[in-house]
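[1] after the sequence you'll find the predicted model.
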Amino acid sequence: MARAISRPRPSIPRRTLLAGTAAVALTGAAACSRVPQGDALARLKSQGAVRLGIAGEVPYGYVNDQGEFTGEAPELAKVIFKRLGIGHVQPVATDFSSLIPGLNSQQFDVVSAGMYINKDRCAQVLFADPEYQMLDAFIVRKGNPKNLHTYEDVVRTKARFATGTGYAEIGYATTAGYPEKDIVILQDQVAGLNAVESGRVDVFAGTALTVREVAKKSAKAEATQAFAAVVDGKKKIDGGGFAFRPTDGALRDAFNTEIHRMKQSGELFRILKPFGFTQAEMTTLTAKELCR
């Protein structure tokens, strides 16, 4: 990503494990229209707009310094939904923990906040195939004095370890043997950078993309090389994608068709590249694989 993290803006981590139950009642407008019940794509075409739930985190979906909604998710959504006959994307910012419950209670029509696709979430929503894959990385002091490159290194050196609220990295660290009670939980990657720079912690763990973006202009800290956490003896690669209500399979399928076309043509990478994504983050993983 060519842009820097906007420090004043609060953000909510995208990987919080959510709980929520589906509410499938149609909105009053849809119920009174000629649109067939349950046909979400037809309803959204009739309305001419789609509500996109985001969580205010760079580079996934956020408000920029000009007060405009942007990020890889809103920009990608604009292209795909226009091709599906829906001319306007209305981003709606909320806490990450409210995204899936809000989707299933029809506050949003679709959600994309860099949300990792996993088995627990797949029990609650339908995911499109991921637009990206992601590894982890650390923010450490310049020169990486403790030589921290993996969670096992953190455990071995007894480094003071921090990560974000609800981040998957909490589980990766504890799986490697780090005591959960000793993990410092911070709001986001900006708070993590500040903690490393001030010496309050030795290392902050996050996704490779957010870590390298937030650390790249720091005079006191740096990002490590990306790596895969080891879970049950296997390297873990995560993927993030758009989420739809369980009743909106046809809408998800139409979205997937466009995602696949954009992957094949290279257009997907061209949209994501300005937000810091590299070819290493492009993926052929499917939601079905990640839901297992």
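    Good, I have the coordinates.
[2] break down the protein into its helices, ranges please.
    With DSSP state H, the ranges of helices along the chain come out as 28-32, 40-47, 72-83, 99-104, 119-122, 151-157, 168-175, 189-198, 208-215, 249-265, 267-272, 287-290.
[3] with only the CA atoms kept, save the last one in PDB.
    It stands for helix 287-290. Presented in PDB, the C-alpha positions along helix 287-290 are these (Å, rounded to 0.1, in the frame of the first residue of the first chain):
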ATOM      1  CA  ALA A 287     -14.100 -20.500   1.100                       C
ATOM      2  CA  LYS A 288     -14.900 -24.200   1.200                       C
ATOM      3  CA  GLU A 289     -11.300 -25.000   2.100                       C
ATOM      4  CA  LEU A 290     -11.100 -22.300   4.800                       C
END
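[4] state the mean pLDDT of that helix.
    The pLDDT scores in helix 287-290 average 96.
[5] next, the buried residues of that helix.
    Residues 287, 290 are the ones in helix 287-290 that count as buried (16 or more other Cβ atoms under 10 Å). To be clear about C-beta, it is placed using only N, CA and C from the backbone, and glycine gets the same treatment.
[6] same question for stretch 76-94.
    Neighbour-count burial for stretch 76-94, counted by 16+ other Cβ under 10 Å, picks out 76-78, 80-81, 84, 86, 89, 91-94.
[7] one more: stretch 246-259?
    Buried positions in stretch 246-259, judged by neighbour count with 16+ other Cβ under 10 Å: 248, 251-252, 254-256, 258-259.
[8] now that stretch: how far from the chain's centre is it?
    19 Å (Cα atoms, centre = their mean, to the nearest Å).
[9] over to stretch 188-198?
    Computed by Cα atoms, centre = their mean, the separation of stretch 188-198 from the middle of its chain amounts to 19 Å.
[10] could you give the average pLDDT over that stretch?
    Averaging pLDDT along stretch 188-198 yields 95.
[11] rewinding a little: tell me the most buried of the helices of the chain?
    Stretch with highest mean neighbour count among the helices of the chain: helix 208-215 (a mean of 25; mean count of other Cβ atoms under 10 Å).
[12] give me the helices and strands touching it, please.
    Under the contact criterion of 3 or more Cβ pairs under 8 Å, 6 or more residues apart in numbering; DSSP states H and E, helix 208-215 touches strand 136-141, helix 189-198, strand 221-223.
[13] need the ones you listed in JSON lines (columns: distance to Ala287).
    Converted to JSON lines, the helices and strands packed on helix 208-215 look like this (distance: least, Cβ to Cβ, whole Å):
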{"stretch": "strand 136-141", "distance to Ala287": "21"}
{"stretch": "helix 189-198", "distance to Ala287": "26"}
{"stretch": "strand 221-223", "distance to Ala287": "28"}
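[14] so which of the ones you listed gets nearest Lys235?
    Set against Lys235 and scored by Cβ to Cβ, the helices and strands packed on helix 208-215 come closest in strand 136-141, at 10.7 Å.
[15] name the residues that touch stretch 169-185?
    Contacts to stretch 169-185, defined as Cβ atoms under 8 Å, 6 or more residues apart in numbering, come from residues 136, 150-152, 154-155, 160-165, 195, 200-201, 205-206, 229-231, 236.
[16] just for the stretch 101-250 of the chain, where's the confidence low?
    Within the stretch 101-250 of the chain, no stretch has pLDDT under 70.
[17] C-alpha coordinates for stretch 49-67, CSV please?
    Extracted C-alpha coordinates of stretch 49-67, given in CSV (Å, rounded to 0.1, in the frame of the first residue of the first chain):
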residue,chain,number,x,y,z
ALA,A,49,-27.9,0.4,-3.5
VAL,A,50,-26.1,-2.0,-1.2
ARG,A,51,-25.2,-1.4,2.4
LEU,A,52,-21.6,-2.6,3.1
GLY,A,53,-20.7,-3.2,6.8
ILE,A,54,-17.0,-2.3,7.5
ALA,A,55,-15.0,-1.9,10.7
GLY,A,56,-12.9,1.2,10.2
GLU,A,57,-9.5,-0.4,9.7
VAL,A,58,-6.7,0.4,7.2
PRO,A,59,-6.4,-1.0,4.6
TYR,A,60,-9.6,-2.9,4.5
GLY,A,61,-12.3,-0.3,5.0
TYR,A,62,-12.0,3.1,6.6
VAL,A,63,-12.5,6.9,6.3
ASN,A,64,-9.5,8.7,4.8
ASP,A,65,-8.1,12.1,5.6
GLN,A,66,-10.6,13.7,3.2
GLY,A,67,-13.5,12.1,5.1
